[in-house]
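Trainee: I need the structure of the sequence given here:
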Amino acid sequence: MTSAYYDTGEDVALTDTSSTQTNKQGIAGRLRSISRFSISRPIFSQAKFDDNNESLEYNVPATPWVKLKRKLGRKVYTAFHSRTDCSRLLKKKLTRTFPLFSWLPRYNLRQDLAKDLVAGITVGIMNIPQGMAYGKLSGVPHVYGLYTSFFPLLMYTLMGTSRHVSVGTFALISLMSSKIVKMFEEQEANSLLAVGTPGNWTQDAEGHPENIPARVAVLVTVTFCVGLWQMALGLLGLGSLTVYLSDQLVKGFTCGASFHVFTSQLKPVFGLKNLTSHYGPLKLIWTYRDFFEHIHLTHVPTLTISLICIGCLLIVKYLINENKKIISYIKFPVPMELLIVIFGALTSHLMNLPTAYGVTTVRRIPKGMPPPQVPDMMLVPDIIFECLPIAVVGFTITVSLGKLFAQKFKYEIEPNQEMKALGATNLFGSFFQCIPATGSLARSAVQVAVGGATQLVSVIAAMFVLVVLLALSPFLEPLPEACLGAIIMVALINLMKQVTEAEKLWQISLIDTSIFLVSLLAVVFLDVDSGLGVGVGYSLLTVILRTQRPEVGLLGRVPQTDIYKRVDSYKSAMEIPGVKIVRLDAPFYFANAEYVRRVTFEYCNLQSIFKSESRPNSPAPSAVPSSATQYHSLSPTPWTDQEVDPTAESSSDSGTTVSPANFQRRQSPETRLGLSHSPDRIHHLIFDCGAVCYLDVTGAEMIEKMALECRAVGVELLLASCKASIRETLFLSGFNKRVGTDQLYLTVHDAVLFATKRSSKRSLQPLEELSFDI
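Mentor: Residues are numbered from 1 along each chain as shown. Here you go, the predicted model:
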C-alpha cells in the first residue's frame, strides 16, 4: 500500500522534527523551511512494481517480429472496425493533400484580402527583376525566370502548407542548376541535332559559345528530375530526414554558396567579356585570379551603371526599408529593384547604350506564355543523381523558412507535405520551361513585412507576372544586364553577413561552431554540391562522436530528499559509503559500450580491486546466484522519507534515512570524482538508466559482463529507472538467465535503500548464507 502526505505551509513539515533541529544551520536546516511532503511505500523492484500495479505491458518480452505482428494487427483491426464515415475520411485525405481546401472556405475577406492584395502586388513587383536575373544565372535567357515566377506559384498555393513562403526563383538553386546545364549542353545539342531539331551554336554577350535550345532542354529536364526526387522522397515519408540538416549546417552552406553567386556576377557588373568560367574545387580561387588579371579590361560605362544601381539599392535598403520609423509611415518597403529595372530600361532606350557605349542588355524577351513541352526523358538517367543535391537544398530552404514563419504566427507545417508540394511544383513547372523553384528568403521576408496572411499572395503575384509576360515584356529588352547583376549582389548581402554567426556560436558551442565553419569553408573552397556533402558528413560525424564519448557522472543524494544529482555539479550531493551511483546520459550501444565500462570502473575504483583480488586459479563465479545467496526485495516493507539533521549522530528512521555515518561530504576534486580510495569497501554499484534512451545487443552484453565482473569481486550491480524498451532488450539477450532479474529497481532511491539494508545485514550474516525479504 502506498500513501502520500502533502503540506503547503512554508514552515510546517509533516516529519517528526523538533524546534531545535528546525533552527539548525546548514543545508538540512534550509531544506526544512521549504514546503515538504512525506511518502510511505515499499521498496520496489521492477518486477514487483509491475505485478502490484497491473502493468499493461506483455508478460513475455516481444521479439521484433512479434512487435511487427502486433502493430499490423492493430492497424488491420482499426481499419475494419472504424466507425468513421467514409466521406469524412475522404475529405480529410483531400485537405491533407491539397491544404488550399482547408483554409480557403474559412478565408476572412474583410480582414485579410486587403493585406494579401498589397503583399501580392509587392511580391509580384520583386518577381520581375529577380526572376530575370536568376533566369540568366541559370544559364538560359531571362524570360525563363519569369516563367518560374508564374507557374510554380499556382501549384504551391494548391498543395503547400506554409502560409507565408514565397516560392519561385532563388539564386543558389539557379547557380547549382547552371552547372548541370553547362555540363550537358554539348551532349544535348548533339541529341537535338540527331532528331532534326534546329539549334545552332551562337555566341553570348561575352563571346562564349552557347546553344540556347540545348540549354533550355537540359534545364527543363533538371527541373523535372528535381521534382521527381522531391515527390519520391515525400511519398516515402522521408521529409523528416531534414532534421539531419541542422541550422548551423544550412547557414554555413547558404553563406558559402552566396559567395559563389556573388562571384558569378563579376562579369556583368564589371563588363569583363573574357573572364573564364571555372568548375570544381578551388573554382573561386581561380576565378578571382583571372578577375584580377583582367581587371584592367573593365568596361567603364558598364561599371558606372553597376555602381549607380548598387548605391541606390543600398541607400534605400538601409535608410528606408530597414528603418522602422520610416516603414511605420509608408507601410510597405520601397520596390527599388523594380525602379532600377524601369529606369534602367528607360535610360538605356533613350541613350541608346548598347550601340553608343557597348553596354550589354537583356535583348529579346518573347511575348506571351510558353507552349507545354515534355522534358527530354532520354537525358534523365544521365542527370538524375546530379539533381539530388538541388532537390535536398531546395526543400531544406523552403522548410526552414516555413518553420520560421509557422513559429512566429502560431501554426504548423507538415514537412512531408511540403516535400510533395515542391515535387508537384517542379514537375508541373518542367512542362512549361521553368527552372527549379524553391522558397525565396528575400521575397518571403517582404511578404511577411507587408502583412501577407495566406498563400493568396502568391496567386496575386503570379497574376502580376502574367500581365508583364503578356503585355510588357518588349519594354524590358533594353535593360542593361549590369542592373540585374547589381540587384543580385545587393540581395546577397544578408546571406553573406551570416559569416558573423561563427562569433555567436563560439560563445555557445564549439561543436556547432565547427559544423558552421566546416560547411562554409567546404562550399567556398570545393564547390556547392561537394561542399554540401562534406558538411552533412561532418555534421553526422559530430553526432557519432558525442555518443561515443558520452557524459558519465557520479551521483550523490541531496540531504532529506530522494533526489540524486551529480556530485561535481552540486555541493550538497553526498555519496553513500560502499555504494557508487553512476549515470549515463546517452544511448548505450556498440560505439560507447567499452568506454562506459572503463569510465564506470574508474569512478568506482574497481580497476584496482580487480587487480588486487584476481587469482590465476580462482574459480569462475556462477552465472546466477545459488538459492542460498538469492535475495528478494519484493515484499512490501514500508519506509518513510523522513530524515533528521545530517549532523546528528544517529537516526531512528528506518526508511530512506541513512545515518550521518553512512554519508560523506567530499571536499577535494579527486574525492568529488570518486577517484580517491574510500575506507569503506564498495559493495554495490548502481547504474542509473533513466537517461538511456536506447540499448542494443552489444550494450546489453556489456551490462551483463559488468555485472559478472562486479560479482567476482563481491560487488553487486543494480540497474535503476530502466525504460520498458531497455528491460525488453536485457531480457531477450538472456540477462535474466545469466545474471538475474532482481538487479532491476524502479528508481535510484529504491536501489540505494536495498543496497544499504543489504549491507547492514552483511555484518550479521555471511553472504553465502544471506536470504531475506525486504
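Trainee: please make it C-alpha for all contacts and neighbour counts, starting now.
Mentor: Will do.
Trainee: residue 431 touches residue 374, doesn't it?
Mentor: Yes. Proximity of residue 431 to residue 374 meets the contact threshold set by Cα atoms under 8 Å, at 5.5 Å.
Trainee: low pLDDT regions in the stretch 101-250 of the chain?
Mentor: Where the stretch 101-250 of the chain drops to pLDDT under 70, the residues are 196-208.
Trainee: which residues in this structure form strands?
Mentor: With DSSP state E, the ranges of strands along the chain come out as 3-6, 37-42, 167-168, 202-203, 209-210, 438-439, 552-557, 564-566, 579-584, 638-640, 684-688, 716-720, 744-745.
Trainee: most tightly packed of these?
Mentor: The highest mean neighbour count among these, using mean count of other Cα atoms under 10 Å, belongs to strand 167-168: a mean of 29.
Trainee: against which helices or strands is that one packed?
Mentor: helix 151-159, strand 438-439 (3 or more Cα pairs under 8 Å, 6 or more residues apart in numbering; DSSP states H and E).
Trainee: count of residues packed around residue 458?
Mentor: As a burial measure, residue 458 scores 33 neighbours (other Cα atoms under 10 Å).
Trainee: in space, not sequence, find me the middle residue of the chain.
Mentor: Centroid-nearest residue in the chain, with Cα atoms, centre = their mean: residue 243, separated by 3.4 Å.
Trainee: quick one: contacts for that one?
Mentor: By Cα atoms under 8 Å, 6 or more residues apart in numbering, residue 243 lies in contact with nothing.
Trainee: any idea how far it is from residue 370?
Mentor: Using Cα to Cα, to the nearest Å, one gets 38 Å for the distance from residue 243 to residue 370.
Trainee: for this structure, what's the longest helix?
Mentor: Ranked by residue count and defined by DSSP state H, the top helix of the chain is helix 109-137.
Trainee: going by neighbour count, list what's buried in it.
Mentor: 113, 115-137 (16 or more other Cα atoms under 10 Å).
Trainee: ok, residue 417 touching residue 158?
Mentor: No. Using Cα under 8 Å, residue 417 makes no contact with residue 158, being 11.4 Å away.
Trainee: and the two? Which one has more around it.
Mentor: Between residue 417 and residue 158, residue 417 has the larger neighbour count (other Cα under 10 Å), namely 23 against 19.
Trainee: how much space is there between the more buried one and residue 156?
Mentor: 11 Å.
Trainee: one more: residue 466?
Mentor: Taking Cα to Cα, one finds residue 466 at 17 Å from residue 156.
Trainee: neighbour count winner among the two?
Mentor: The residue with more neighbours, out of residue 466 and residue 156, is residue 156; 31 against 20, by other Cα under 10 Å.
Trainee: wait, doesn't that one sit right on residue 419?
Mentor: No. Proximity of residue 156 to residue 419 does not meet the contact threshold set by Cα under 8 Å, at 10.6 Å.
Trainee: run through this protein and note the low-pLDDT ranges.
Mentor: In the chain (pLDDT under 70), the answer is 1-37, 52-61, 79-85, 196-208, 607-680, 760-774.
Trainee: quick one: the helices in the stretch 501-650 of the chain?
Mentor: Using DSSP state H, counting those that start in this stretch, the helices found in the stretch 501-650 of the chain span residues 501-506, 510-525, 528-548, 593-603, 606-613.
Trainee: among the ones you listed, which comes closest to residue 394?
Mentor: helix 528-548 (12.3 Å; Cα to Cα).
Trainee: so which elements touch the closest one?
Mentor: Here helix 528-548 touches helix 247-264, helix 510-525, going by 3+ Cα pairs under 8 Å, 6+ apart.
Trainee: tell me the angle of that helix relative to helix 247-264?
Mentor: 160 degrees (axes from the mean of the first three to the mean of the last three Cα atoms, to 10 degrees).
Trainee: how far does stretch 310-325 sit from the chain's center?
Mentor: Taking Cα atoms, centre = their mean, to the nearest Å, the mean C-alpha location of stretch 310-325 is offset from the chain mean by 34 Å.
Trainee: do the same with stretch 152-160
Mentor: Centre-to-centre, stretch 152-160 and its host chain are 25 Å apart (Cα atoms, centre = their mean).
Trainee: pull the residues that contact it.
Mentor: Here stretch 152-160 has contacts from 97-100, 166-168, 417-418, 420-422, 424-426, 428-429, 437, 455-456, 458-459, 462, using Cα under 8 Å, 6+ apart.
Trainee: repeat that with 7 Å
Mentor: 97-100, 167-168, 417-418, 421-422, 425-426, 429, 437, 455, 458-459, 462 (Cα atoms under 7 Å, 6 or more residues apart in numbering).
Trainee: among those residues, which lie within helices?
Mentor: Members of the contacts of stretch 152-160 lying in helices (criterion: DSSP H): 97, 100, 417-418, 421-422, 425-426, 429, 458-459, 462.
Trainee: any idea how far residue 231 is from residue 395?
Mentor: In terms of Cα to Cα, residue 231 sits 11 Å off from residue 395.
Trainee: need the residues touching each of the two.
Mentor: Any residue near both residue 231 and residue 395 by Cα under 7 Å, 6+ apart counts here, and that gives residue 419.
Trainee: isn't residue 477 right next to residue 367, touching?
Mentor: No. With contact defined as Cα atoms under 7 Å, residue 477 and residue 367 do not form a contacting pair (10.9 Å).
Trainee: which one's more surrounded, those two?
Mentor: More crowded of residue 477 and residue 367, by other Cα under 10 Å: residue 477, with 18 against 14.
Trainee: how many neighbours does residue 228 have?
Mentor: Neighbour number of residue 228 under other Cα under 10 Å is 22.
Trainee: quick one: it from residue 423, how far?
Mentor: Taking Cα to Cα, one finds residue 228 at 6 Å from residue 423.
Trainee: same thing with residue 410?
Mentor: Where residue 423 is concerned, residue 410 sits at a distance of 26 Å (Cα to Cα).
Trainee: the more surrounded of those two?
Mentor: Comparing residue 410 with residue 423 by other Cα under 10 Å, the one with more neighbours is residue 423, at 31 against 7.
Trainee: I'd say residue 436 and residue 427 touch.
Mentor: No. In this structure, residue 436 is not within contact of residue 427 by Cα under 7 Å, at 9.2 Å.
Trainee: count of residues packed around the residue lying closest to residue 94 once chain neighbours are set aside?
Mentor: Nearest non-adjacent residue to residue 94, counting by Cα to Cα, 6 or more residues apart in numbering: residue 101, 7.9 Å away. Neighbour count for residue 101, taken as other Cα under 10 Å: 15.
Trainee: how close does the nearest residue to residue 589 once chain neighbours are set aside sit to residue 726?
Mentor: Nearest residue to residue 589, sequence neighbours excluded (Cα to Cα, 6+ apart): residue 699, at 4.7 Å. With distances taken as Cα to Cα, residue 699 is found 10 Å from residue 726.
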